[in-house]
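Chemist: The following block contains a protein sequence and its predicted model.
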Protein chains: 10
Amino acid sequence: MLFHVKMDVAIPRDLDPAERDTLLATEKARALELQRAGVWVHLWRIVGQYSNVSVFDVESTDQLHQILWTLPLFPFMTVQVTPLAQHPSALAAQP
Amino acid sequence: MLFHVKMDVAIPRDLDPAERDTLLATEKARALELQRAGVWVHLWRIVGQYSNVSVFDVESTDQLHQILWTLPLFPFMTVQVTPLAQHPSALAAQP
Amino acid sequence: MLFHVKMDVAIPRDLDPAERDTLLATEKARALELQRAGVWVHLWRIVGQYSNVSVFDVESTDQLHQILWTLPLFPFMTVQVTPLAQHPSALAAQP
Amino acid sequence: MLFHVKMDVAIPRDLDPAERDTLLATEKARALELQRAGVWVHLWRIVGQYSNVSVFDVESTDQLHQILWTLPLFPFMTVQVTPLAQHPSALAAQP
Amino acid sequence: MLFHVKMDVAIPRDLDPAERDTLLATEKARALELQRAGVWVHLWRIVGQYSNVSVFDVESTDQLHQILWTLPLFPFMTVQVTPLAQHPSALAAQP
Amino acid sequence: MLFHVKMDVAIPRDLDPAERDTLLATEKARALELQRAGVWVHLWRIVGQYSNVSVFDVESTDQLHQILWTLPLFPFMTVQVTPLAQHPSALAAQP
Amino acid sequence: MLFHVKMDVAIPRDLDPAERDTLLATEKARALELQRAGVWVHLWRIVGQYSNVSVFDVESTDQLHQILWTLPLFPFMTVQVTPLAQHPSALAAQP
Amino acid sequence: MLFHVKMDVAIPRDLDPAERDTLLATEKARALELQRAGVWVHLWRIVGQYSNVSVFDVESTDQLHQILWTLPLFPFMTVQVTPLAQHPSALAAQP
Amino acid sequence: MLFHVKMDVAIPRDLDPAERDTLLATEKARALELQRAGVWVHLWRIVGQYSNVSVFDVESTDQLHQILWTLPLFPFMTVQVTPLAQHPSALAAQP
Amino acid sequence: MLFHVKMDVAIPRDLDPAERDTLLATEKARALELQRAGVWVHLWRIVGQYSNVSVFDVESTDQLHQILWTLPLFPFMTVQVTPLAQHPSALAAQP
């Protein structure tokens, strides 16, 4: 089940640099782990912004919330979730 | 080069039903053709809306505009285009 | 799996009165059917508006889209879907 | 009498951690108490956000304001209240 | 129990003039009746707009919705309802 | 001459508690004084918000600005003023 | 007493051309009359829009509403009124 | 003197096709004429929209308004004008 | 050449009081100087807000930007500029 | 390939003055370098704002993002990117 997720990141200027580096490294590791697990199926940068557009494939809304809520950068993100359905004109929907 | 495209469709109530059917059939045929050509790489329905979220892979902004402008449903669409770049945490960006 | 759905209804003034009556009757019948099936779990009117706030309990986003897309009043609705998760302070989440 | 309430929470980063823990614990206790009393009748998390959608059943607008104003997290919340009425197609409204 | 109600009116240009006159006369009669009954407690025009700001004193949200929904001009209104509570600095709140 | 005024209050967290108490006490005293003088003719709390909806009866826009600008809480308020006129369906407008 | 008024005009395409010409001529005559009377003290066109920014000098909000409501183009205008006060740095405010 | 102008075009569906063709041809001729005159210095299409972003070089705001107001497509455009100044980091601003 | 300028002022709470007083005094002196020079031709306070609506008469957009950018309060202002043209119904436009 | 880019700058008040000076100097140097390289093809100031409107000519969205992301002022900018295509009425599009 797919969900479109937009994440806007705003890391405070006064965050300790070491804490910031750790945060970014653990965020990246977590993103790679979720991509390898087939859960975070797309991840693109929006040009000119500290934002991404992503697509998640999850079993439930509870699973999706648990994943987003525990992202290392979550406290510094604004997240917008849009549920997706199969489009009747998509290749995958053709008989 | 990827672009995120959101299309909201609003077909007028008074459109001739035969014209409407033709329009929808040609739109679907064109969408399938562009997907098979590897240009319209993702196409999802937004749940509860006559809207889709798409990703296009094109050579240029001129090509993308030409494609969107000539979609059969274009006169009845509101289209929003967002340029995408590779995300440094995407699997494809890893060495 | 729960989804919060807001529906704003705008029936065109020039809709044939008989068609309108049929539409409203079939919409109501469908709403009752879906409530009895345990899918449309809450349905409230927003005071002073031709709008409702609803909660649906579905198996998937595809199922939810199918339900909304085929509501008799769907062509005259603006629909906004928000995915819900269990709240850690909800009674149902307590051990 | 039902009211739809959306609460968006934003706890300042510099809040003392002990104060924060106390705040969250008292907020949860209060939420459970109000749910057990039949006043806070629904409480859902919005996926991907530090927000909830709730429904309250109260005797009056004064009672509702008193409840919201005295929530431990109120100083860190943005609250939006929408009055609800019985929907004519709701099961409960059928004869 | 008080509710703040903003009503924006937009009567279609093509409404039959006689129907329009009847509508306006019945709306005015209904407004006067509700004011005399102590339900529509304030009614002001917004300068430069076909809009009013009103305050209603009702027993319940269902009563308020019933009143608004059956106003003769309701089909041509956009209505926004805000619940009010006693303000601690209001004269009426002083001991 | 009536004006509709909406005030949203946001007192900074780091305001000195004694200063805050003084501020709130003087604000309340001023609000009562202006109500007793027949200038601040209505004052209601918006449910769930640190906001009020008010109606002022003043001689001029200069007088209204002077009153609002010198409210003790003014530096922490967002204020929106809407001029009101007599509504032709108001009881007071009937011959 | 000064009020800042923004008027956006949208004349329907299907208005009878003769009616339109009459409307524009009477609007212009009324605007000139009100300017000569010292009531409509400023009238500027917004570049690239069928809109104006105006300043009115009136005795009361009732007078201002009466003037705006009876403008020949009023049924085709969106009007936004902002009350003005003397600015302490204006030349006219200097002793 | 430069102005940034965004034009969104919405030609009504029911416009007579011959009138539409004439309109588009005269609009194009006028755009070319103004470009050759050095007044309409930039003209770009926004990808996926019936909109353009333009830059005009004019002597005065009256001249700019006159040009925009008399564009053949003006009645079907929404126009937004932003005044531009020389940027201190622009090449042309360097000594 | 006239421009409509709206300025919203937000002076930080933690600005040094002496610096603040100097800032306000120099801003006022500059505003008076520009008014006397016939450049800042109107300056009004918006009732209930730390904002003004102004009209400037300048030779060019570069001159206007230079004036606004160097206002003492500019770092604490949000400024919105709208170009104005002569209105065909203005007294000054009559033959 | 052209992109329209709007940049709004907000440098924090508490940034070290020397750091600020360095930042502005390196930003300017980088802007000149990119203009000389034919990549940053237009750069205009928006009158009355710490903002610019720019046009970039790049090979790809990745190149554009890399350029914007590494601008010295990027951490203090809000950036909005709009892809452009050749307009059929532009001089350059004529045969």
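Modeler: Now that the structure is in, tell me what you want to look at.

Chemist: close enough to count as contact, A:Asn52 and B:Pro88?
Modeler: No. Contact criterion CB atoms under 8 Å: A:Asn52 and B:Pro88 do not qualify, at 10.1 Å. For every residue, glycine as well, the C-beta is placed using N, CA and C.

Chemist: Need the overlap of contacts for these two.
Modeler: A:Arg45 (CB atoms under 8 Å, 6 or more residues apart in numbering or on different chains).

Chemist: Which one of those two is surrounded by more residues?
Modeler: A:Asn52 (22 against 13; other CB atoms under 10 Å in any protein chain shown).

Chemist: which ones are touching that one?
Modeler: A:Asn52 sits in contact with A:6-7, A:43-46, B:87, where contact means CB under 8 Å, 6+ apart.

Chemist: Just say helix, strand or coil for the nearest residue to A:Leu23 once chain neighbours are set aside.
Modeler: In this structure, A:Leu23 finds its nearest non-sequential neighbour in A:Pro72, 5.2 Å apart by CB to CB, 6 or more residues apart in numbering or on different chains. With DSSP: H, G, I helix; E, B strand; the rest coil as the basis, A:Pro72 sits in coil.

Chemist: For A:Pro72, give me the pLDDT.
Modeler: The model reports A:Pro72 with a pLDDT of 98.

Chemist: swap in A:Pro95?
Modeler: In this model, A:Pro95 carries a pLDDT of 88.

Chemist: Tell me which residues touch it, please.
Modeler: Going by CB under 8 Å, 6+ apart, A:Pro95 touches no other residue.

Chemist: Make sure it is indeed in a strand.
Modeler: No. A:Pro95: not assigned to a strand; according to three-state DSSP it is coil.

Chemist: Who are the packing partners of the lengthiest strand in chain A?
Modeler: Determined from DSSP state E, the single longest strand within chain A is strand A:77-86. Secondary-structure packing of strand A:77-86 (3 or more CB pairs under 8 Å, 6 or more residues apart in numbering or on different chains; DSSP states H and E): strand A:2-9, helix A:61-69, strand B:40-46, helix C:61-69, strand C:77-86.

Chemist: What is the burial count for A:Asp57?
Modeler: Going by other CB under 10 Å, the residues that sit close to A:Asp57 add up to 15.

Chemist: Identify the bridge partners of it.
Modeler: Here A:Asp57 sits in beta bridges with A:Leu2, going by DSSP bridges.

Chemist: do you know how far the closest residue to chain I within chain A is from J:Leu15?
Modeler: Nearest residue of chain A to chain I: A:Asp14, at 15.2 Å (CB to the nearest CB). Separation of A:Asp14 from J:Leu15 (CB to CB, to the nearest Å): 12 Å.

Chemist: Look at A:Gln94 and say how many residues are nearby.
Modeler: A:Gln94 sits with 10 neighbouring residues when counted by other CB under 10 Å.

Chemist: quick one: it from chain D, how far?
Modeler: Using CB to the nearest CB, to the nearest Å, A:Gln94 is found at 30 Å from chain D.

Chemist: before we move on, what about A:Pro17?
Modeler: If you go by CB to the nearest CB, the gap between A:Pro17 and chain D works out to 16 Å.

Chemist: Can you tell me how far that residue is from A:Leu23?
Modeler: A:Pro17 is 10 Å from A:Leu23, by CB to CB.

Chemist: So for these two, which sits in the more crowded spot?
Modeler: Using other CB under 10 Å, the more surrounded residue of A:Pro17 and A:Leu23 is A:Leu23, with 17 against 7.

Chemist: Got the confidence number for the more buried one?
Modeler: The model's pLDDT for A:Leu23 equals 97.

Chemist: Look up how far A:Leu15 lies from it.
Modeler: 8 Å.

Chemist: follow-up on the earlier one: other residues contacting the longest strand of chain A?
Modeler: A:1-10, A:55, A:64, A:68, A:71, A:92-93, B:44-47, B:53, C:3, C:61-62, C:64-66, C:81-83, D:47-49.

Chemist: can we see that at 7 Å?
Modeler: By CB atoms under 7 Å, 6 or more residues apart in numbering or on different chains, the surrounding residues in contact with strand A:77-86 are A:2-9, A:68, A:92-93, B:44-47, B:53, C:3, C:61-62, C:65, C:81, C:83, D:47-49.

Chemist: buried stuff in that strand?
Modeler: A:77, A:79, A:81-86 (16 or more other CB atoms under 10 Å in any protein chain shown).

Chemist: separation between the residue nearest to A:Leu23 and A:Thr22?
Modeler: Distance from A:Pro72 to A:Thr22, by CB to CB: 8 Å.

Chemist: If you count surrounding residues, which of those two has more?
Modeler: The neighbour count for A:Pro72 versus A:Thr22, taken as other CB under 10 Å, is higher for A:Pro72 (17 against 12).

Chemist: show me the contacts for the more buried one.
Modeler: Each residue near A:Pro72 by CB under 7 Å, 6+ apart is listed here: A:23, A:26-27, A:30.

Chemist: just A:His87 next, same as before
Modeler: With the criterion set at CB under 7 Å, 6+ apart, A:His87 makes contact with A:93, B:43-45, B:52.

Chemist: What is the burial count for the residue in chain A that chain J sits nearest to?
Modeler: Per CB to the nearest CB, A:Gly48 is where chain A lies closest to chain J, at 3.9 Å. For A:Gly48, the count of nearby residues is 27 (other CB under 10 Å).

Chemist: what does the one 10 residues further on give?
Modeler: Using other CB under 10 Å, A:Val58 has 19 neighbouring residues.

Chemist: and the residue nearest the centre of chain A, helix, strand or coil?
Modeler: Centroid-nearest residue in chain A, with CA atoms, centre = their mean: A:Ser54, separated by 5.2 Å. The three-state assignment at A:Ser54 reads strand, by three-state DSSP.

Chemist: Verify the stated contact: it with A:Val41.
Modeler: No. Contact criterion CB atoms under 7 Å: A:Ser54 and A:Val41 do not qualify, at 8.2 Å.

Chemist: Other residues contacting the helix or strand where A:Asp21 lies?
Modeler: Using DSSP states H and E, A:Asp21 sits in helix A:17-36. Outside helix A:17-36, the residues that touch it by CB under 7 Å, 6+ apart are A:11, A:40, A:43, A:67, A:71-73, B:89, B:91, B:94.

Chemist: where does chain A dip in pLDDT?
Modeler: Scanning chain A for pLDDT under 70 picks out nothing.

Chemist: which residue does it bring closest to chain D?
Modeler: For chain A, CB to the nearest CB, closest residue to chain D: A:Val79, 3.8 Å.

Chemist: any idea what sits nearest that residue, other than its immediate chain neighbours?
Modeler: Nearest one to A:Val79, counting by CB to CB, 6+ apart, is D:Gly48 at 3.8 Å.
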